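Q: I would like the atomic coordinates for the input below:
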Amino acid sequence: MTSRARVLFVDDEPHLLAGLRRSLHTRGVGWQISFAASGAEALDIMSAEPCDVVISDMRMPGMDGAQLLGRTRAAHPGTVRFVLSGEADRDAVLASAAVAHQFFAKPCDVENIIAVVDRVLTLRSELDGPRVRDLLGGIGPLPMLPDTHAALTDAVACTDCADQTAPRILTTDIAGCAEVLRLTNSAFFGVPRRFETVAQAISLLGPETLQALVTGGAMFREVAPGGETNLESLNHRARQRVELVQRIAHGQQWSDAEMARTALAALVMDIGTLALASGDDSPVQTTCPPSQLSSYLLALWGFGEDVVTLVAGVASDGEARSDRAAQALRAADRALRAVSAESVG
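A: Residues are numbered from 1 along each chain as shown. Predicted coordinates for the structure are as follows:
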């Protein structure tokens, strides 16, 4: 599916585009590659034929990268939107967080770009239809329950205690957990390892950036009226799943790292369902298992391959993965579904 993917690079520096052209040609990628020297040129290219992926610099004259990706999301929501930039200030990351799925840092590692794009497009090709791709690709900030959002707003207002209270709030919320980890695991921060706990992520962000994200609405918003019941149900089930996985992990004496990784997968496993339910249009019908939707979003947002694979493997019924983390996650999910079926019956 990715052999003829259309990938567009946008940058106003000719030497950078030339270097990318040489590197990609040398590696023989099978994409249809286009290059644009400005946001306006990029929009013209996509107007003639939409692209699967757009990778844009942030700082460009005229239309900057955030504006370009924002217009891309509006016109082509299913297009994967990446930032490739040397920007390193807070305003840049806040602007890109609102419209970009991932952030690559200059100087770029072409091999990493190729691996990430191929990984995302492979999972994207397994989604059943353009409407699902458009909705998942075009979503803005995911919704939080009003009480959770209010508590988080109060927590970040106290810059001296935000790093203590905010993790407790976000660890129990699917959207909040996913949003802070998506941001802190991006190349913007240049951290050589991936964070798998909210506490680690908030420590990296710092109180001022976290406050700007919460109050600015770039990453956190309240659920629309009428959606509280479904959102609370999803969050409640996620918290129960995490508790079950942690019991298994404690009983088998897992390492802290393995426990954190599996608990994270347990918490965000329904994020695809949450994303579909948060759309403004009528509900989208899909035959994809919820875990498949979630694994695509997590890969799109740059989560670690271990977490993405764990979530994707829940629907495999043990055929694709047999390690204990996958088994624990499947066992917890099945137990919750059985309890839910009994309560309905």
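
Q: right, and residue 266 touches residue 241 too?
A: Yes - the pair formed by residue 266 and residue 241 meets the contact definition of CB atoms under 8 Å, at 4.4 Å. For the C-beta atoms, the positions are set from N, CA and C on the backbone; glycine is no exception.

Q: now the common contact residues for those two.
A: Contact criterion CB atoms under 8 Å, 6 or more residues apart in numbering; residues shared by residue 266 and residue 241: 329, 332.

Q: okay, now residue 19: neighbour count?
A: The criterion is other CB atoms under 10 Å. On that basis, residue 19 has 14 neighbouring residues.

Q: in the host helix or strand of it, what counts as buried?
A: Here residue 19 sits within helix 14-27, counting by DSSP states H and E. When burial is assessed from 16 or more other CB atoms under 10 Å, helix 14-27 yields the following buried residues: 16, 17, 20, 23, 24.

Q: for the second one, which non-adjacent residue is closest in space?
A: Leaving aside its chain neighbours, residue 17 sits nearest to residue 35 (4.8 Å; criterion: CB to CB, 6 or more residues apart in numbering).

Q: tell me which element that neighbour falls in.
A: Assigning secondary structure by DSSP H and E places residue 35 in strand 32-36.

Q: what helices or strands is that strand leaning on?
A: strand 6-10, helix 14-27, helix 39-48 (3 or more CB pairs under 8 Å, 6 or more residues apart in numbering; DSSP states H and E).

Q: contacting residues around the residue nearest to residue 17?
A: 8, 9, 10, 17, 20, 21 are the contacts of residue 35 under CB under 8 Å, 6+ apart.

Q: my read is that residue 21 contacts residue 33, right?
A: Yes - Residue 21 lies in contact with residue 33 (CB under 8 Å); the separation is 7.4 Å.

Q: quick check: residue 273 touching residue 237?
A: No - in this structure residue 273 lies outside contact range of residue 237 using CB under 8 Å: 9.8 Å.

Q: quick one, helices of the stretch 51-200 of the chain?
A: Listed in chain order, the helices found in the stretch 51-200 of the chain under DSSP state H, counting those that start in this stretch are 65-75, 90-99, 110-125, 130-138, 146-157, 162-170, 174-184, 198-205.

Q: columns distance to residue 109 and mean pLDDT on top of the helices and strands packed on strand 32-36, output as JSON lines?
A: Formatted as JSON lines, the entries for those read as follows, by distance: least, CB to CB, whole Å; pLDDT from 0 to 100:
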{"stretch": "strand 6-10", "distance to residue 109": "15", "mean pLDDT": "97"}
{"stretch": "helix 14-27", "distance to residue 109": "10", "mean pLDDT": "91"}
{"stretch": "helix 39-48", "distance to residue 109": "22", "mean pLDDT": "96"}
